[in-house]
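[1] Structure, please.
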Amino acid sequence: MKLFEITKKELVAPSIYLMDVYAPRLVQAAQPGQFLIVIADPKGERIPLTICDYDLQKNTVTIVFQIVGKSTEEIAKLNTGDCFSDVVGPLGQASEFIHEDIEKLKQKRFLFVAGGVGTAPVYPQVKWLNAHGIKADVIIGARSADFLFMTEEMATQAANVFVCTDDGSKGFHGRVTDLIKQKIEEGNQYDEVVAIGPMIMMKFVVELTKQYNLKTIVSLNTLMVDGTGMCGACRVSVGGKMKFACVDGPEFDGFEVNFDEAMRRQGMYKQYEIGKNTAAHHCNLAAPVDQTMEETRLEREAEGKSKTRIPVREQDPVVRATNFQEVCYGYNEQEAVREAERCLNCKNPLCVTGCPVSIQIRDFVQEIKNKNFKEAARVISMDSALPAVCGRVCPQEVQCEAKCVLGVKGDAVAIGKLERFAADYTRTNKITFTEKEAPKHKKVAVIGSGPAGLTCAGELAKKGYDVTIFEALHETGGVLVYGIPEFRLPKEIVHTEVENLKKLGVKIETNVLVGRTITVDYLMDHENFAAVFIGSGAGLPKFMNIPGENLNGVVSANELLTRSNLMKAYRDDHETPVHIGKKVAVVGGGNVAMDAARTAKRLGSDVYIVYRRTEEEMPARSEEVHHAHEEGINFNLLTNPVEIIGDEKGWVKGLKCVEMELGEPDASGRRSPVEKKGSEFVLEVDSVVMSLGTAPNPLIASTTKGLELNKNRGVQADDLGTTTRPGVFAGGDAVTGSATVILAMGAGKKAAKAIDEYLTK
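    All right, here's what the predicted structure looks like:
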């Protein structure tokens with residue numbers, strides 16, 4: 001049987017389908033209350049669906065969905081024998097009651113209330129309780145008898161099943177709230193209600209049960225967009241605090257949920273799910289730019305030691321601001337050689353000390369100078385698994401190039417552009433380097449396929465280890481594919497780098513969320529991995545916690561970038577919707593803020609960067625800030641948001657800000673911004689993108705015995721990647737929080753060395 005193959009398809013009600021899907025890893029880990037993500041085809045949207053049932057013998061999971069838009073229409077077109085492109089899960093927290101003491105549970109009486117397709121997620125919970133000797137009552141509500149399904153299956157698991165229909169065509173005539181009230185008034189005593197269904201139904205159920213002070217749990221799975229804790233779109237106020245349905249839920253205390261806010265956010269993408277070819281969808285993609293534009297003049301001094309570097313050809317700013325093609329064209333052979341000739345070939349190359357992965361920079365530059373381009377790439381490959389990536393996104397200006405002697409009185413050698421040239425040369429000429437040591441016959445698991453994970457995997461594969469990468473998403477590359485836009489890092493570059501690792505023998509499993517699908521303990525105890533490296537990154541977005549932050553039109557940079565980069569939402573031939581307004585404020589000053597601003601610009605928006613310090617203090621690369629200026633991004637500096645203002649329909653209409661001035665330096669060495677009294681003003685915008693950094697998802701640590709967290713909620717690890725759990729190592733953003741690609745690579749390389757030493761003791 002093929003992975004993700006549909007083994008059963010049934011129309012259970014008008015526009016509602018039930019499917020069984022072959023997904024072995026997911027089934028073995030599934031628990032009541034959890035959900036999964038399905039993608040019908042490579043261009044389809046990521047659709048969250050609650051797990052309806054699972055069969056441990058057949059390794060199949062049951063899902064139920066209703067056709068509500070184009071993406072679910074595409075799922076409905078699949079038939080028995082077809083395969084989903086991807087299925088990932090289980091995701092989210094399991095139902096709270098499965099962690100309670102069974103004997104205490106037996107003293108409780110549960111009432112489940114299922115509305116519409118909510119019958120599907122209720123079923124596995126009732127089934128679990130029945131398996132543990134606990135019979136629950138169930139109310140199933142629908143518009144009419146035609147829309148009822150699974151009532152017979154539910155009856156085999158529940159104490160009583162009560163049916164009600166809006167039109168009275170079967171069972172009780174009325175709403176589920178009317179039937180709940182009737183059952184209580186008839187003397188039925190319940191200790192807990194679990195309500196799952198349309199948001200408005202759950203709201204009314206909670207309003208009723210509050211009158212009886214009857215604990216009520218609701219499932220907010222309808223809010224979920226991505227399901228991996230990366231985008232922040234499923235955020236909701238619970239007890240006055242921001243929660244994420246996909247990480248903290250999907251089940252919450254109904255008394256604490258702000259339903260009005262949740263329903264408003266639920267409708268945010270509804271108008272886009274009908275189809276993307278609408279007036280609301282901005283897609284200003286220009287025709288491909290001719291990359292054979294006139295070359296820059298190469299007037300150099302006789303010995304090639306000019307104070308200024310060879311300029312790099314780029315797309316015209318006016319043109320590139322309307323497309324997602326790569327901004328920088330890089331060097332051609334002639335330009336690369338002339339730039340390499342500027343290198344002084346220092347006996348003590350300080351540039352190497354500025355490189356987190358210690359590439360032998362002087363040596364590869366000299367090979368380019370001598371036109372030995374293949375050898376230059378081979379030299380780089382000895383220390384870096386991702387040269388084409390680093391050559392594009394690494395902040396060389398504050399690392400290797402900052403140490404270059406030529407930079408004292410002029411321009412440093414363009415080390416990054418030369419690294420990119422050498423890497424691109426190997427890709428164009430289909431050259432790979434697969435030298436490795438003899439097999440060591442020991443297995444190492446790498447969690448996450450971002451820069452830290454890919455680097456660690458590559459280093460270990462070269463040392464002869466049997467390496468498997470486990471990736472939560474359906475594509476390999478981590479932040480390189482979901483976080484960095486195509487115009488900075490074309491995804492074909494990432495795919496080539498990944499393929500090079502596969503040629504070294506690295507195996508990759510996608511759609512495996514460690515901590516849910518499998519655990520670190522399972523990998524070590526049952527799949528015989530001798531060591532594990534955690535490089536899962538930092539994908540949980542941060543927010544300011546200011547008034548109005550949950551208004552429609554407020555998104556995290558992660559959500560905007562993930563939809564655009566990973567799911568290609570800017571393309572009309574892909575199904576994922578993207579909402580961005582005509583006038584957008586991007587809050588933040590890092591590389592991600594620049595990426596979000598420039599992406600919004602390409603989607604047709606007028607964009608404003610809002611940053612509380614000056615441009616000099618911006619953590620973003622100077623090149624990215626320069627490109628943003630060129631593309632027409634507006635900069636509101638020394639400006640800090642204090643409130644997001646909404647209209648009467650709950651959509652953003654303005655960003656209230658205050659002016660700032662710089663005071664004394666803070667702990668980071670940057671001058672602290674101080675508010676100017678009486679400087680409040682409103683920036684009129686219809687969207688706000690929060691780009692305030694990201695935090696590690698604590699999921700892996702919370703499901704791994706002996707693994708501790710640091711003060712940043714990342715995995716506790718020393719400089720070598722050693723954690724508090726023997727045999728488990730970690731590095732990159734999963735430890736430090738969001739940082740640069742090259743620092744993550746450096747951490748992956750150090751950890752690989754430490755793992756090798758650990759396994760060869």
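
[2] Can you list the strands that the top strand by length along the chain pairs with?
    Longest strand in the chain by number of residues (criterion: DSSP state E): strand 652-665. The pairing partners recorded for strand 652-665 under DSSP bridges are strand 639-646 (antiparallel), strand 671-675 (antiparallel), strand 681-683 (antiparallel).

[3] and those, which is most packed in?
    Ranked by average neighbour count under the criterion mean count of other CB atoms under 10 Å, the strands paired with strand 652-665 are headed by strand 639-646 at a mean of 19. In this view, the C-beta of every residue, glycine as well, is placed from N, C-alpha and C.

[4] That one: how far from the chain's middle?
    Chain-centre distance of strand 639-646: 26 Å, with CA atoms, centre = their mean, to the nearest Å.

[5] avg pLDDT for it?
    Across strand 639-646, the average pLDDT comes to 97.

[6] now do stretch 247-264
    On average, stretch 247-264 scores 90.

[7] Can you mark which positions in it are buried?
    247-252, 254-255, 257, 259, 261-264 (16 or more other CB atoms under 10 Å).

[8] Next: stretch 526-545.
    529-542, 544.

[9] Flag the least confident of those.
    Where pLDDT dips furthest among those: Gly539, at 83.

[10] Could you point out the helix or strand that follows the helix or strand harbouring Cys390?
    For Cys390, the host element (DSSP states H and E) is helix 387-393. Using DSSP H and E, the helix or strand that directly follows helix 387-393 along the chain is helix 415-428.

[11] sorry, back to before: quick one: the strands paired with strand 652-665 as a markdown table, columns for distance to Pro121 too.
    A markdown table is the format used below for the strands paired with strand 652-665 (distance: least, CB to CB, whole Å):
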| stretch | distance to Pro121 |
| --- | --- |
| strand 639-646 | 31 |
| strand 671-675 | 46 |
| strand 681-683 | 42 |
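
[12] and of the ones you listed, who's closest to Phe729?
    Comparison of the strands paired with strand 652-665 against Phe729 by CB to CB identifies strand 671-675 as nearest, at 36.3 Å.

[13] Now do that closest one: distance to the chain's middle.
    32 Å.

[14] ditto for stretch 470-478
    On CA atoms, centre = their mean, the centre of stretch 470-478 falls 10 Å from that of its chain.

[15] and stretch 471-481, average pLDDT?
    Rounded mean pLDDT across stretch 471-481 is 94.

[16] circling back: can you tell me which of the buried residues of stretch 247-264 is closest to Asp411?
    Of these, the one sitting nearest to Asp411 (CB to CB) turns out to be Val247, at 45.8 Å.

[17] Surely the closest one is in a helix?
    No. Counting by DSSP: H, G, I helix; E, B strand; the rest coil, Val247 is not part of a helix but coil.

[18] is it true that it touches Ser702?
    No. Using CB atoms under 8 Å, Val247 makes no contact with Ser702, being 10.7 Å away.

[19] Can you tell me, leaving aside adjacent residues, what's nearest to Lys8?
    Asp20 (3.9 Å; CB to CB, 6 or more residues apart in numbering).

[20] Look up how far Arg571 lies from that neighbour.
    Distance, Asp20 to Arg571, using CB to CB, to the nearest Å: 32 Å.

[21] okay, and the helix or strand of the chain with the least pLDDT?
    Least confident helix or strand of the chain, by mean pLDDT, DSSP states H and E, is helix 270-273 with a mean of 50.

[22] Report the next helix or strand after that helix in sequence order.
    helix 317-320.

[23] any idea of the mean pLDDT for the longest strand of the chain?
    94.

[24] Could you check the pLDDT of the closest residue to Leu454 other than its chain neighbours?
    Of all residues beyond its chain neighbours, the one nearest Leu454 is Ala385 (5.6 Å), with distances taken as CB to CB, 6+ apart. Ala385 is assigned 90 on the pLDDT scale.

[25] repeat for the one 5 residues further on
    Model confidence at Cys390, given as pLDDT, is 94.

[26] Looks like it contacts Ala422 (just checking).
    No. In this structure, Cys390 is not within contact of Ala422 by CB under 8 Å, at 11.0 Å.

[27] What residues does Gly254 make contact with?
    193, 195, 202, 205-206, 209, 216-218 (CB atoms under 8 Å, 6 or more residues apart in numbering).

[28] Got a PyMOL select line for the buried ones in these?
    Applying 16+ other CB under 10 Å to the contacts of Gly254 leaves a buried subset, and the PyMOL line that selects it is:
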select buried, resi 193+195+202+205+206+209+216+217+218
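
[29] can you tell me which of the contacts of Gly254 are in strands?
    193, 195, 216-218.

[30] now the residues you listed in a markdown table, with pLDDT and distance to Ile447?
    Below are the ones in strands among the contacts of Gly254 laid out as a markdown table (pLDDT from 0 to 100; distance: CB to CB, whole Å):
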| residue | pLDDT | distance to Ile447 |
| --- | --- | --- |
| Val193 | 95 | 38 |
| Ala195 | 95 | 36 |
| Thr216 | 95 | 37 |
| Ile217 | 95 | 31 |
| Val218 | 94 | 32 |
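
[31] just curious, which of these is nearest to Gly483?
    Nearest member of those to Gly483, counting by CB to CB, is Val218, at 32.3 Å.

[32] Please report how far the closest one lies from Thr151.
    Taken as CB to CB, the span from Val218 to Thr151 is 22 Å.

[33] For Tyr22, what are phi and psi?
    When quoted as degrees, to the nearest 10, the phi and psi of Tyr22 stand at phi -80, psi 110.

[34] try the one 4 residues further on
    Backbone dihedrals for Leu26, given as degrees, to the nearest 10, come out at phi -60, psi -50.

[35] Is it correct that it is in contact with Gly89?
    Yes. Leu26 lies in contact with Gly89 (CB under 8 Å); the separation is 5.0 Å.

[36] check which helix or strand covers the closest residue to Gly732 other than its chain neighbours.
    In space, and not counting its chain neighbours, Gly732 is closest to Ala452: 2.9 Å by CB to CB, 6+ apart. Secondary structure from DSSP H and E places Ala452 in helix 451-462.

[37] No further questions, thank you.
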